[in-house]
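# generate a structure from the sequence data that follows.
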Amino acid sequence: MPRAGDSADIRRTSAPTTKNGDEWEVTISGHPTREWWRFFQKPSETATLADSSRVGFNGFAMTFRSPEDRVRHWIEMIDQWIAAANESCRQVRSEKSQRQQDSDQATGARQDRIRELAMALRIVVLLALVLSLAACTIAPAPTNGSAPAAGSPSLDAVVKRTFTAYGFRLESGKVLPEMTLAYETYGRLAPDGRNAILLTHGFTSSQHMAGKYSPSDRAAGSWNGLVGPGKAIDTDRHFVVSSNMLGSSYGSTAPASVNPATGNRYGPDFPDITVRDIVAAQRLLLSALGVNHLVAVAGPSYGGFQAFQWAVSYPEFMRGIVAVVTAPAFRRDAEPPEAMIAGFAVDPNWNNGWHYDRGGIPTTLAAIRYDTLLRYGANEVLAVTLPDKTEREARLRQMSAGWAREFDPNSMVALRKALRTFDTTADFSKIRAKVLYVLSRTDKLFPPSIAPGVMDGLARAGVDARYFEIDSEFGHSASGPEWAKWGPTLKAFVDALDR
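Numbering: from 1, shown residues only. Got it, this is the predicted structure:
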């Protein structure tokens, strides 16, 4: 029997903008028979569905648990009417079994009344859903982590947000009961939902790419020189969404998350994901935010992998991509996940990945991180402000220890496994977006020597692409601190996409 407070769900059952409109199924959660009622929604009205704060079933089922009093009131009324209808049906069945002497005419009349009640209920359900959608559309942007209709008002007060989808099916066929993405937004979404830019971050970094959470914060986001009012990615003109990756340790569903099906952490049992899964999750986030089309997808390193994947997975959804210190395919000579796991296993707390109740492996992680920062060019970046070598080393160790307390090594494994199948080169012919490909002169991970092959492959596929090389000593880390050297090129590229 449904209970007051159960939620009303809808699910798309046909492809978007079909001949007859979009078909949706309606249910009331908790109903034991899960009866469905169908109706059609005009394609022009479907955009309001993205304003719901909870989205599931791969983005097309929406749970209307709005904080608006009128929505809650309607849902409770719906539940009560369903309960009344079920009770009436139960009484009919009971009476029929106990009083066989009732005439067929009387039974038929009673059943007619039940059908009339059910029909009235269906009309009320549809009306309530329309009212719920209207309430979600006009509600002010929430601050509790749900998907807002507009970005943070100030880059001195960036808000950490989360989005959750339910029943997210991975490329492997496995399903995440809940799939959460952490994200930030900068700027405001245009009424037509077409002024958005998606930022994608690196392997072990976070979605904090611009602004500060508080004016007193020591440092701003990693691309702060590029993103903001009047900057290359102008938040006065663009709605910028910076998404954490699925599998990362900065607020998204990942190995450290609790599996709702078991009540325990996923740990090393976290299902294998791909870069295609990562961008598919971001596509749901954008839909929930009301983004109908992207100006561009931009990101460094692993974020560049995502940009290339976006270009081939959703070729019509963006006008351009900016792939920075990256490549369109993962290096075949890179360390395999098994070697990474072996490095973690030297720590007695590793416990085959079940390290959570043993205090983790922060010492081992900090040592790995220190070596990584050196390879990425962090020592050269710090040398600008810390000329003393001893001070730089101390600072690098401090940075490494801080990161090791935050990042789950199982996330490193999951994200590294996701790259085993990453190669977009065979799909270059699918790309419709313009491409800005940017490398750093001193990057050891993605040296400029790979640029001719990438650009030639894009050209042969008919892709409109241009290349820029950052003249920097900062190696793989150059894109953020050396923003002034390539920011004008980025700005010109984005401006051209807007025309």
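# mind checking how far residue 157 is from residue 292?
27 Å (CB to CB, to the nearest Å). Just so you know, the C-beta spots here come from the backbone N, C-alpha and C atoms, and that holds for glycine as well.
# oh, that last question was meant for residue 368, not what I typed.
42 Å.
# looking at these two, which one has more neighbours?
residue 368 (20 against 17; other CB atoms under 10 Å).
# grab the nearest non-local neighbour of that one.
residue 343 (6.6 Å; CB to CB, 6 or more residues apart in numbering).
# in this protein, which helix or strand is least confident?
Every helix and strand of the chain was ranked by mean pLDDT, DSSP states H and E. The lowest is strand 37-41, at a mean of 29.
# burial measure for residue 336, as a count.
Residues within reach of residue 336, counting by other CB under 10 Å, total 11.
# where does it fall, phi/psi-wise?
Residue 336 has phi and psi values of phi -70, psi 160 when expressed as degrees, to the nearest 10.
# also the one 5 residues further on?
Listed backbone geometry of residue 341 is phi -60, psi -40, with angles given as degrees, to the nearest 10.
# domain map for the chain?
8-138, 161-498 (automatic domain parsing).
# tell me the most buried of those?
The highest average neighbour count among the domains of the chain, using mean count of other CB atoms under 10 Å, belongs to domain 161-498 at a mean of 19.
# can you give me the end-to-end span of it?
27 Å (CA to CA, to the nearest Å).
# ditto for stretch 344-355
10 Å.
# contact partners for residue 429?
Residue 429 makes contact with 461, 462 under the criterion CB atoms under 8 Å, 6 or more residues apart in numbering.
# distance of residue 270 from residue 247?
Going from residue 270 to residue 247 by CB to CB gives 7 Å.
# swap that for residue 206, please
13 Å.
# show the pLDDT at the closest residue to residue 442 other than its chain neighbours.
The shortest distance from residue 442 to any non-neighbouring residue, by CB to CB, 6+ apart, is to residue 475 (4.6 Å). For residue 475, the pLDDT comes out at 97.
# just the CA atoms of the lengthiest strand in the chain, as PDB, please.
Ranked by residue count and defined by DSSP state E, the top strand of the chain is strand 175-186. What follows is strand 175-186 as a C-alpha-only set of coordinates in PDB (Å, rounded to 0.1, in the frame of the first residue of the first chain):
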ATOM      1  CA  VAL A 175      24.400  -0.800 -13.100                       C
ATOM      2  CA  LEU A 176      25.300   1.700 -10.400                       C
ATOM      3  CA  PRO A 177      22.100   2.000  -8.200                       C
ATOM      4  CA  GLU A 178      23.100   5.600  -7.500                       C
ATOM      5  CA  MET A 179      25.600   7.600  -9.500                       C
ATOM      6  CA  THR A 180      26.600  11.000  -8.100                       C
ATOM      7  CA  LEU A 181      28.800  13.600  -9.700                       C
ATOM      8  CA  ALA A 182      30.300  16.500  -7.800                       C
ATOM      9  CA  TYR A 183      30.500  19.700  -9.800                       C
ATOM     10  CA  GLU A 184      30.800  23.500  -9.700                       C
ATOM     11  CA  THR A 185      29.300  26.200 -11.900                       C
ATOM     12  CA  TYR A 186      30.500  29.700 -12.800                       C
END
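# who are the packing partners of it?
strand 161-169, strand 239-243, helix 275-289 (3 or more CB pairs under 8 Å, 6 or more residues apart in numbering; DSSP states H and E).
# between it and strand 239-243, how many degrees?
140 degrees (axes from the mean of the first three to the mean of the last three CA atoms, to 10 degrees).
# ok, and what's touching the next helix or strand along the chain from strand 175-186?
Using DSSP states H and E, the helix or strand that follows strand 175-186 in sequence is strand 196-200. Residues from elsewhere that reach strand 196-200 (CB under 8 Å, 6+ apart): 189, 207, 209-210, 223, 227, 233, 238-243, 245, 282, 286, 289, 291, 293-299, 302-304, 306-307, 310, 318, 494.
# repeat that for 6 Å
209, 233, 238-242, 291, 294-299, 303, 306 (CB atoms under 6 Å, 6 or more residues apart in numbering).
# relative to residue 185, which of those is nearest.
The closest of these to residue 185 turns out to be residue 241 (CB to CB; 5.4 Å).
# okay, and the common contacts of residue 270 and residue 247?
Counting by CB under 6 Å, 6+ apart, the residues touching both residue 270 and residue 247 are residue 414.
# where along the chain do the helices fall?
69-98, 104-138, 275-289, 302-313, 337-345, 362-376, 378-383, 389-406, 409-418, 451-460, 483-498 (DSSP state H).
# where does pLDDT dip in the stretch 151-300 of the chain?
Applying pLDDT under 70 to the stretch 151-300 of the chain flags residues 151-153.
# at 90 instead, please
Scanning the stretch 151-300 of the chain for pLDDT under 90 picks out 151-154.
# thinking again about what came up before, is it correct that the residue nearest to residue 442 is in contact with residue 377?
Yes - counting by CB atoms under 6 Å, residue 475 does reach residue 377; the two are 2.8 Å apart.
# identify the bridge partners of residue 164.
Residue 164 has these beta-bridge partners by DSSP bridges: residue 180.
# roughly how far apart are the residue nearest to residue 442 and residue 221?
20 Å.
# can you check residue 298 too?
Residue 298 is 13 Å from residue 221, where distance means CB to CB.
# likewise for residue 348?
Applying CB to CB to residue 348 and residue 221 gives a distance of 36 Å.
# now do residue 172
Residue 172 is 33 Å from residue 221, where distance means CB to CB.
# okay, the helices and strands packed on strand 175-186 in CSV with distance to residue 412 next?
Output for the helices and strands packed on strand 175-186, formatted as CSV (distance: least, CB to CB, whole Å):
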stretch, distance to residue 412
strand 161-169, 21
strand 239-243, 19
helix 275-289, 15
